[in-house]
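Visitor: I'd like to go over a predicted model; first the sequence, then the structure.
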Amino acid sequence: MVRQDIVPKMVASGHLALPNEGLPARVPSVRSLRALDALNFFLADVRDGIGPYLAIYLLTTRHWDPARIGVAMSVMGVAAVVTQTPVGALVDRLTQKRLLVVIAALFIGINCVTIAIFGNFYAIVTAQAVSGVVAATFLPAIAAISLGLVSHKKLAARIGRNEAFNHAGNVGVAILAGLVGHFIGYEWIFYLVTVAAAASILSALFIKAEDIDHRLARGAKSAKDSVEEHPSGAAALLTDRRIVFFALAVTLFHFANAAMLPLAGQLLSTGKTRGASLSLSACIIAAQLVMVPVATWAGRGATRWGRRPIFLIGFAVLPIRGFLYTLSDNSLFIIAVQFLDGIGAGIFGVLWVLVVADLTKGTGRYNVTQGVIATAQGSGAAFSNLLAGYIVEAAGYNAAFLSLAGIAAVALAVFYFTVPETKDVTEAEQPCGVLSAAAIN
């Protein structure tokens, strides 16, 4: 029971939403929220395939040259670029969002096994391409499920929580991957990701379908909004200069960022037949341990101070990180530099989803716009690995890191001069644990 005398105070302070308010409180079940936590945890490495471990696997086990490794690393990103926008539109349209996550995780698991068993160039490139197509589902689907569960008011805290669990999952997978790669063999890392994919499938199925409001999930202002039947035209979104410049900024950011960790892994692996997976895992763990608190802080900070000042910090650390890589190839130094990756990626993972939600609120085009922005990110990431591979081949690792640092500086300038604050200052966000009238009864 809740004392009747405190109800008016809770309503006045914004900690209680009554059913007749314009923006109704979302009260999803505890089971669905915990399942979403688990889904983000297990999807940690699943949504990006096997990530930088593929680079050291191809270098040390398959003995590929850096240029071919760049192709293999890029093809997943290229495939994602082609499919991100239509997948976003599909997530907007369909109510079977959990099923999309299940299908995508299943294919990632199959592709990891394929890479471990069939080591030739064409098998790996094909598996990477398929992974890129299905992995494009994860980001818009998880964001849509989150928005459909908790509404706009609590989205910042929820996305911060999602990213914190995702980074915690990355720490766990990195520890296991380092040990498995060192003591058993690099190919067993792919089997480990397959197990994580299976756990992701189970977690998605535990989210209750009835807890997801699909009108909110696609960007309606409230569950009563008629945007489901009359969404804004896609052309209206693409002519919004804020969206265009934000897409350009994130493209340049990912162009600079995507190849840095794989290059660091290759640098640590050069001349070594063992121990490379442990060093790379240490790099990943260093960053992910920082990302967990940073993601939580970014979600809260975006509510308190706005999106722009927090995002600027994330953009600013990237050129610094790229430059620092050129100062030493010592393993401990490179691992220390990875702490900056934790700050940048921890902020970026939370803020870009919130900015897109801000820019598309009331349009009914949240997920397709996410797809457009994700396409921009994927374009930068795909060509980052491709370009970096050829620069290393022609001029060495330092030249590649400096080139990426320069692109990161341009990304910072574009964001600073062209992207305004997007947070609606008229709305106060609520924590995920907010009470509702239904909870009182």
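Guide: That came through, no problem. Residues are numbered from 1 along each chain as shown.

Visitor: and Ala104, how far from Arg304?
Guide: Separation of Ala104 from Arg304 (Cβ to Cβ, to the nearest Å) stands at 34 Å. Quick note: C-beta positions are derived from backbone N, CA and C, even for glycine.

Visitor: which one's more surrounded, these two?
Guide: Ala104 (26 against 10; other Cβ atoms under 10 Å).

Visitor: quick one: residues contacting the more buried one.
Guide: By Cβ atoms under 8 Å, 6 or more residues apart in numbering, the contact list for Ala104 reads 134-135, 137-138, 141.

Visitor: contacting residues for Ala388?
Guide: Residues near Ala388 by Cβ under 8 Å, 6+ apart: 70, 259, 262-263, 400, 403-404.

Visitor: just checking, Leu404 touches Met260?
Guide: Yes: in terms of Cβ atoms under 8 Å, Leu404 counts as a neighbour of Met260; the distance is 6.0 Å.

Visitor: just send the contacts of Ala388 back as JSON lines, with neighbour count too.
Guide: Listed next are the contacts of Ala388 as JSON lines, based on neighbours: other Cβ atoms under 10 Å:
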{"residue": "Gly70", "neighbour count": "26"}
{"residue": "Ala259", "neighbour count": "32"}
{"residue": "Pro262", "neighbour count": "25"}
{"residue": "Leu263", "neighbour count": "26"}
{"residue": "Ala400", "neighbour count": "28"}
{"residue": "Ser403", "neighbour count": "19"}
{"residue": "Leu404", "neighbour count": "26"}
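
Visitor: tell me which two in the residues you listed are the farthest apart.
Guide: Farthest apart among the contacts of Ala388 by Cβ to Cβ are Pro262 and Ser403. That separation is 14.5 Å.

Visitor: would you check that Ala376 makes contact with Val244?
Guide: No: using Cβ under 8 Å, Ala376 makes no contact with Val244, being 9.7 Å away.

Visitor: higher neighbour count, these two?
Guide: Neighbour count, other Cβ under 10 Å: between Ala376 and Val244, Ala376 has more, with 25 against 16.

Visitor: for the more buried one, what is the enclosing helix or strand?
Guide: Counting by DSSP states H and E, the element that carries Ala376 is helix 366-395.

Visitor: swap in Ser328?
Guide: Judged by DSSP H and E, Ser328 forms part of no helix or strand.

Visitor: any idea how far it is from Arg31?
Guide: In terms of Cβ to Cβ, Ser328 sits 49 Å off from Arg31.

Visitor: equivalent analysis for Arg365, please.
Guide: The gap separating Arg365 from Arg31 is 30 Å, by Cβ to Cβ.

Visitor: repeat for Val392
Guide: Look at Val392 and Arg31: by Cβ to Cβ, they are 48 Å apart.

Visitor: higher neighbour count, those two?
Guide: Higher neighbour count among Val392 and Arg31: Val392, with 23 against 12, using other Cβ under 10 Å.

Visitor: list the contacts of that one.
Guide: Per Cβ under 8 Å, 6+ apart, neighbours of Val392: 66, 263, 266, 399-400.

Visitor: okay, it: pLDDT?
Guide: pLDDT recorded at Val392 is 84.

Visitor: ditto for Gly275
Guide: 55.

Visitor: again, but for Arg98
Guide: pLDDT recorded at Arg98 is 89.

Visitor: can you tell me the closest non-neighbouring residue to it?
Guide: Distances taken as Cβ to Cβ, 6 or more residues apart in numbering place Ala204 nearest to Arg98, at 4.9 Å, with adjacent residues excluded.

Visitor: I'd like to know how many residues surround the one you found.
Guide: For Ala204, the count of nearby residues is 26 (other Cβ under 10 Å).

Visitor: list the buried residues in the regular element (helix or strand) spanning it.
Guide: Assigned by DSSP H and E, Ala204 belongs to helix 188-206. Within helix 188-206, the residues that count as buried by 16 or more other Cβ atoms under 10 Å are 189-190, 192-194, 196-197, 199-201, 203-204.

Visitor: what sits up against it?
Guide: Helix 188-206 is contacted by residues 31-32, 34-36, 38-39, 41-46, 49-50, 53, 57, 98, 101-102, 105-106, 108-110, 112-113, 115-116, 169, 173, 176-177, 180-181, 277 when judged by Cβ under 8 Å, 6+ apart.

Visitor: ok, how many other residues are close to the residue nearest to Thr418 when sequence neighbours are not counted?
Guide: Leaving aside its sequence neighbours, Thr418 sits nearest to Phe245 (Cβ to Cβ, 6+ apart; 3.8 Å). Phe245 has 16 neighbours, counted by other Cβ under 10 Å.

Visitor: so Phe245 makes contact with Tyr416?
Guide: No: with contact defined as Cβ under 8 Å, Phe245 does not reach Tyr416; the gap is 10.8 Å.

Visitor: need the contacts of Ala388 in CSV with distance to Thr126, can you?
Guide: Below are those laid out as CSV (distance: Cβ to Cβ, whole Å):
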residue, distance to Thr126
Gly70, 17
Ala259, 22
Pro262, 20
Leu263, 24
Ala400, 27
Ser403, 30
Leu404, 28
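
Visitor: from these, which land in helices?
Guide: Of the contacts of Ala388, the ones assigned to helices by DSSP state H are 70, 262-263, 400, 403-404.

Visitor: how about the closest residue in space to Ile347 that isn't next to it in sequence, secondary structure?
Guide: Excluding the flanking residues, the one nearest Ile347 by Cβ to Cβ, 6+ apart is Gly314, at 3.4 Å. What DSSP: H, G, I helix; E, B strand; the rest coil gives for Gly314 is helix.

Visitor: what of Pro420?
Guide: Per three-state DSSP, the local secondary structure of Pro420 is coil.

Visitor: so what's it closest to, chain neighbours aside?
Guide: For Pro420, ignoring the flanking residues on the chain, the nearest one in space by Cβ to Cβ, 6+ apart is Arg242 at 6.5 Å.

Visitor: what is the burial count for the one you found?
Guide: If you count neighbours by other Cβ under 10 Å, Arg242 ends up with 14.

Visitor: again, but for Leu39
Guide: By the measure other Cβ under 10 Å, the count of residues near Leu39 is 30.
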